[in-house]
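In: Just to be clear, the model below is a prediction. Sequence and coordinates:
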Amino acid sequence: YYITNNLRVGWCIFRTLKNALKRAKEFIEVNKKNDALDTLHEVLRMRRHRQYQHDLHEPIITLYLSLCVELKKGHAAKEGLYQYKILTQNTDINSLEKVIRRFVQTAENRAEEASKEAKSSKGDMANVDDLDMLYTPESLMLATVSGEDDRTELIELS
């Protein structure tokens, strides 16, 4: 699938980074976030666009990392940051720092939201009338041996 003067992503062809970013935003609007993530990932990996352009690459990596946090794709985020580091290490290292700080802040906010959701669902479980259906003898034994009351929070955070 080698096409001259075009950026080919899956079945889409993009001549510029702007078009790829626009297509990713369109995917997000129709709730195809995995396709948007794939589009942005391929754009970051393309050797054709290794010439760093601050006004185009920074919005691409920002959207890419926010999608990674939302979809819980840590490995993809790591790969995207690595590709962005390659782009910016000789030209604009401050942009890399800004992107990493924004990524960490977004991930921390998402973790706090997940923790709040876990605590609220834990409160919902306390209102159940039939507690015998909630805990089996095996889960009670495991809880007393391990010292943990409930693993709901751990399940929700993962």
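Out: Perfect, thanks for sending it. Numbering: from 1, shown residues only.

In: Please work out the average pLDDT along stretch 92-105.
Out: The average pLDDT within stretch 92-105 is 91.

In: What are the buried residues along it?
Out: Along stretch 92-105, these residues count as buried under the neighbour rule (16 or more other Cβ atoms under 10 Å): 95-96, 99, 103. All C-beta spots, glycine's among them, are computed from the backbone N, C-alpha and C.

In: Check which helices and strands the helix or strand containing residue 42 is in contact with.
Out: In this assignment (DSSP states H and E), residue 42 forms part of helix 33-45. Counting contacts by 3 or more Cβ pairs under 8 Å, 6 or more residues apart in numbering; DSSP states H and E, helix 33-45 packs against strand 7-9, helix 17-29, helix 54-71, helix 74-88.

In: Okay, buried residues for it please.
Out: 35-44.

In: Which of the residues you listed sits closest to residue 73?
Out: The nearest member of these to residue 73, counting by Cβ to Cβ, is residue 37 at 6.9 Å.

In: mind checking pLDDT for the closest one?
Out: 91.

In: ditto for the one 4 residues further on
Out: Per-residue pLDDT puts residue 41 at 87.

In: shouldn't it be in contact with residue 76?
Out: Yes: look at residue 41 against residue 76 with Cβ atoms under 8 Å: they come within range, at 6.5 Å.

In: low-scoring stretches of this protein, by residue?
Out: 1-15, 47-51, 122-140, 147-158 (pLDDT under 70).

In: Try it again at 90.
Out: Scanning the chain for pLDDT under 90 picks out 1-23, 38-57, 72, 74, 83-84, 86-93, 95, 114-158.

In: pull the CA atoms of stretch 66-82 into CSV?
Out: Coordinates of each C-alpha in stretch 66-82 appear next as CSV, following Å, rounded to 0.1, in the frame of the first residue of the first chain:
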residue,chain,number,x,y,z
SER,A,66,-6.7,11.6,26.0
LEU,A,67,-8.1,8.8,23.9
CYS,A,68,-5.6,6.4,25.4
VAL,A,69,-6.6,7.4,28.9
GLU,A,70,-10.3,7.1,28.1
LEU,A,71,-9.9,3.7,26.5
LYS,A,72,-7.4,2.5,29.1
LYS,A,73,-4.7,1.8,26.6
GLY,A,74,-1.5,2.4,28.5
HIS,A,75,0.8,0.6,26.1
ALA,A,76,-0.5,2.7,23.2
ALA,A,77,0.1,5.9,25.3
LYS,A,78,3.7,4.8,25.9
GLU,A,79,4.2,4.1,22.2
GLY,A,80,2.7,7.5,21.3
LEU,A,81,4.9,9.3,23.8
TYR,A,82,7.9,7.6,22.4
